[in-house]
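J.: sequence first, predicted coordinates after that:
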Amino acid sequence: MAGLKRPFLWIAVFALFFVHCHCFYLPGVAPQDFVKGDELKVKVNKLTSTKTQLPYSYYSLPYCHPDRIVDSAENLGEVLRGDRIENSPFVFKMREPQMCSVVCRIMPNKKTAKEFKEKINDEYRVNMILDNLPLVVPIRRPDQENTVVYQQGFHVGLRGQYAGSKEEKHFIHNHLAFTVKYHKDPQADTARIVGFEVKPFSVKHEYEGNWNDKTRLTTCDPHAKRAVTNSESPQEVDDKKEIIFTYDVEFQESDVKWASRWDTYLLMADDQIHWFSIVNSLMIVIFLSGMVAMIMLRTLYRDISKYNQLETQEEAQEETGWKLVHGDVFRPPSNPDLLCVYVGTGVQFFGMFLVTMIFAVLGFLSPSNRGGLMMAMLLLWIFMGLFAGYSSARLYKMFKGTEWKKITLKTAFMFPATCFAIFFVLNALIWGEKSSGAVPFGTMFALVFLWFGISVPLVFVGSYVGFKKPTIEDPVKTNKIPRQIPEQPWYMNPIFSILIGGILPFGAIFIELFFILTSIWLHQFYYIFGFLFIVFIILIITCAEITIVLCYFQLCSEDYLWWWRSYLTSGSSAFYLFLYAAFYFFTKLEITKPVSGILYFGYMLIGSYAFFVLTGTIGFYACFWFTRLIYSSVKID
């Protein structure tokens, strides 16, 4: 019993360590101390909508703007995410409350009123940033007392009807009640910002006389201590109807320390679901591990002992099973070049994901470092080209290939070119919608430079080194004449077994996949990398074990064409991933515009393709190791 308990104890310790790591992060910026009266500059970011998935810059709508609009420096990850961070006319003074500050007054024409209405119909939200903290709207959950959830950004406006009228009108949120939370240093008069919240209101402001810079509002007056508390008289959006934008600022002292200020955004209320995901995946792993152990310890041990005790060639010929195909099992597959390319690309992806996961778990890729995760993945993909070239060249040489430069070019261009072509078409569609999500020409040029200037040379270097290495020797000799494969039972049909093989790897990750898709397409923070790392390890084990099990059954049926089958068996989980993405689209998202739908399925196609390459490579190497192990353990006359 003690022997049985020890592995589970280590699993529990491993899980707890990595799960609790998600509470620790390294902020992307150094803390900034503010004294009373210091100027706090609010920055505006993109307008986002879960219904269209097309971001727009804040000033694409005729909002109030400062005298000079200045773009903030953005990293490559932010640009690819569609972030457009600019200065704003909102200026606060640290720990100095403001009431009913007027920003500006606009008179929309027919065109601008239509733009506001379209954004309200598509439920666009306005995103702002203060001291690197995103603006959130606190919403109390009706089903749970004293529970507050935070929505990123506030809606541009809302639709509604006047009392006694059935005509639907559009109302804009033109009054913002900001709350800045700060943590005060007990030993000094400085404070750090730890929260940035807002409550938006739609108010039809009124005033006496003609409008000028000194006009006092009657609906919101700091002198009369009259504040906006509701939207009973909302501001309608229409042609020639003036809109006055105002805001309040309240400062609240908080016990939350600066190092913990992101916890509000990152802490998940559904840890139990993630634990269920881990337990569900572990059950799959334990089941497969039992099958592999049975094959390795009982069946294979018995087979190898029996085969090694056979005295005559006649006795060997009477046997059936995996040993009979020893003369053909290492025969090069059809399209070996393509297999080498896909294996090399899979190694590239594996290295990228593994290093990214490690950095994420250690907290280097926190959301405070905006765009850091995407930039890290892109750069790691570029530098992992070294391992891609090495892996594809080693395998290519084992298949007696001689034109290593040709295989190197294919490895460097096949997968990236396919993804870049899809990305280019999708980017053209985003350009057509005049969205800020469109990648600018300069950034596109930078991506091409990273590909041709760094990735391709690294693939060549890796391939050169790999091809110079000694050839991987097969444990048994290959016959000159291929052996005839007997007729296979229906359940060993290649298509059937490949599709069956992909179910369990997908089953190990599908619960976590829901949260990943939600964070991407519903604009929520995903920072539970501790759970994700465990799921990633379980995925690796599941892909390896299911491929080994099905490969063993295939060889026992005297079918030695295992090279491509091993890759496609675990790689077929990408097919189920894409089907789940389609299910998620129709059940969880409210996307109605054709362009947005094309964007969703285009990006999910790239993601599924990458997942196919990753899982296929894991399965291939597991089966490669397995076949070499078992055939090197038997005596061949």
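T.: Perfect, thanks for sending it. Residues are numbered from 1 along each chain as shown.
J.: Glu74 contacts Leu80, correct?
T.: No. Judged on Cβ atoms under 8 Å, Glu74 makes no contact with Leu80 at a distance of 9.7 Å. Any C-beta I mention is one placed from the backbone N, CA and C, and that applies to glycine too.
J.: now list whatever residues contact both of the two.
T.: By Cβ atoms under 8 Å, 6 or more residues apart in numbering, Glu74 and Leu80 have these common neighbours: Gly371.
J.: for Lys36, which non-adjacent residue is closest in space?
T.: With Cβ to Cβ, 6 or more residues apart in numbering as the criterion, Lys36 has its nearest non-adjacent residue at 4.7 Å, and that residue is Arg95.
J.: ok, the one you found touching Ala191?
T.: Yes. Counting by Cβ under 8 Å, Ala191 is a contact partner of Arg95 at 6.8 Å.
J.: quickly list what's touching both of those two.
T.: In contact with both Arg95 and Ala191: Tyr182, using Cβ under 8 Å, 6+ apart.
J.: with neighbour numbers in mind, choose between these two.
T.: Ala191 (23 against 19; other Cβ atoms under 10 Å).
J.: elements contacting the strand or helix carrying the more buried one?
T.: Ala191 is part of strand 190-201, with elements assigned from DSSP states H and E. Secondary-structure packing of strand 190-201 (3 or more Cβ pairs under 8 Å, 6 or more residues apart in numbering; DSSP states H and E): strand 34-35, strand 125-130, strand 133-134, strand 136-140, strand 154-155, strand 175-184.
J.: of all those strands, which one is nearest Asp474?
T.: Closest approach to Asp474 among these (Cβ to Cβ): strand 133-134, 56.9 Å.
J.: what does that closest one rub up against?
T.: 45, 127-128, 152-153, 193-196, 261, 265.
J.: just put these in TSV and tack on neighbour count, pLDDT and distance to Thr418.
T.: Converted to TSV, the contacts of strand 133-134 look like this (neighbours: other Cβ atoms under 10 Å; pLDDT from 0 to 100; distance: Cβ to Cβ, whole Å):
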residue	neighbour count	pLDDT	distance to Thr418
Asn45	26	91	32
Asn127	23	94	33
Met128	22	94	38
Gln152	17	88	33
Gly153	21	91	35
Ile193	24	93	45
Val194	25	92	45
Gly195	20	92	44
Phe196	21	93	42
Arg261	24	86	42
Tyr265	17	74	36
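J.: and which of these is nearest to Phe586?
T.: The shortest approach to Phe586 among the contacts of strand 133-134 belongs to Gln152, at 24.3 Å (Cβ to Cβ).
J.: so that closest one touches Asn127, yeah?
T.: Yes. With contact defined as Cβ under 8 Å, Gln152 counts as touching Asn127 (6.6 Å).
J.: identify the contacts common to the two.
T.: Common neighbours of Gln152 and Asn127 (Cβ under 8 Å, 6+ apart) are 48, 134-135.
J.: now flag whichever of those residues is closest to Met357.
T.: When the shared contacts of Gln152 and Asn127 are compared against Met357 (criterion: Cβ to Cβ), the nearest one is Pro134, at 24.3 Å.
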